[in-house]
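Asks: After the sequence you'll find the predicted model.
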Amino acid sequence: MRAAFRKISRIGSLTGATVWYLSEDCLLAAKRVMYAVEYRRFYLRDLESIVVWPSRTWLLRPAIPGVLLLALGAVLWQSVNFTAGAIAGGAGLAWAALELGLGPTAQSRIRTTGASIDMPLVKRTRGARKVLAKIDAAVRATRDSVIDHPTAPIDQPEPATPSGPTNRESVPASAPIGDVT
């Protein structure tokens, strides 16, 4: 039976996008850069932690375009007319208000047993709680099923019994060499 992948997050950019999928045993990142797609698979049993935090420079997103459009509005107000300046200034204020309303942009780090990778999981920290809750539920379900249904039965070790002479001369030359450690 094939595992069904559900899309849980999408982070777009100018050159492509990263789409995150979740299945019953893994988390998959499909990163599209121009015409190529790079896949990254994280098995749920190997996940140690996923950390999402606000980016340091997130205030530049509302500040730079807002200030530039307000300055353009002031220049248009003085040189062209009141209406053009009001439109540009209003667009700058609306841009800044929208960015502040959406909240801080996010950065994230995924740590597995073998590596630690910085990849965007969500665009804004506001949506991180929902995505992390889905991943957490899948990880718990995977780990509970592993505990309930072990892959190999655990048998009691059998005591070693010598099967023949144990002196050095009786050991054949083709006998395997044991691990010394």
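Replies: All right, it came through fine.
Asks: Contacts only, for residue 72.
Replies: Under the criterion of CB atoms under 8 Å, 6 or more residues apart in numbering, the contact partners of residue 72 comprise 88, 89, 92. To be clear about C-beta, it is placed using only N, CA and C from the backbone, and glycine gets the same treatment.
Asks: would you say the first one is within a helix?
Replies: Yes: when the secondary structure is assigned by DSSP: H, G, I helix; E, B strand; the rest coil, residue 88 falls within a helix.
Asks: Quick check: nearest residue in space to the one residue sitting closest to the centre of the chain, chain neighbours excluded?
Replies: With distances taken as CA atoms, centre = their mean, the residue of the chain nearest its centroid is residue 121 (4.3 Å). Among residues not flanking residue 121 along the chain, residue 108 sits closest, at 4.1 Å (CB to CB, 6 or more residues apart in numbering).
Asks: Tell me the secondary structure at the one you found.
Replies: In the three-state summary, residue 108 is assigned as strand, counting by three-state DSSP.
Asks: Around it, how many other residues sit close by?
Replies: Each residue near residue 108 was counted by other CB atoms under 10 Å, and the total is 19.
Asks: Tell me where the protein has strands.
Replies: If you assign secondary structure with DSSP state E, the strands in the chain sit at 6-12, 16-22, 26-33, 36-43, 47-54, 106-112, 116-118.
Asks: okay, those in a markdown table with mean pLDDT and distance to residue 98 next?
Replies: As requested, the strands of the chain are exported to a markdown table (pLDDT from 0 to 100; distance: least, CB to CB, whole Å):
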| stretch | mean pLDDT | distance to residue 98 |
| --- | --- | --- |
| strand 6-12 | 89 | 16 |
| strand 16-22 | 90 | 21 |
| strand 26-33 | 90 | 26 |
| strand 36-43 | 91 | 31 |
| strand 47-54 | 89 | 17 |
| strand 106-112 | 91 | 17 |
| strand 116-118 | 88 | 27 |
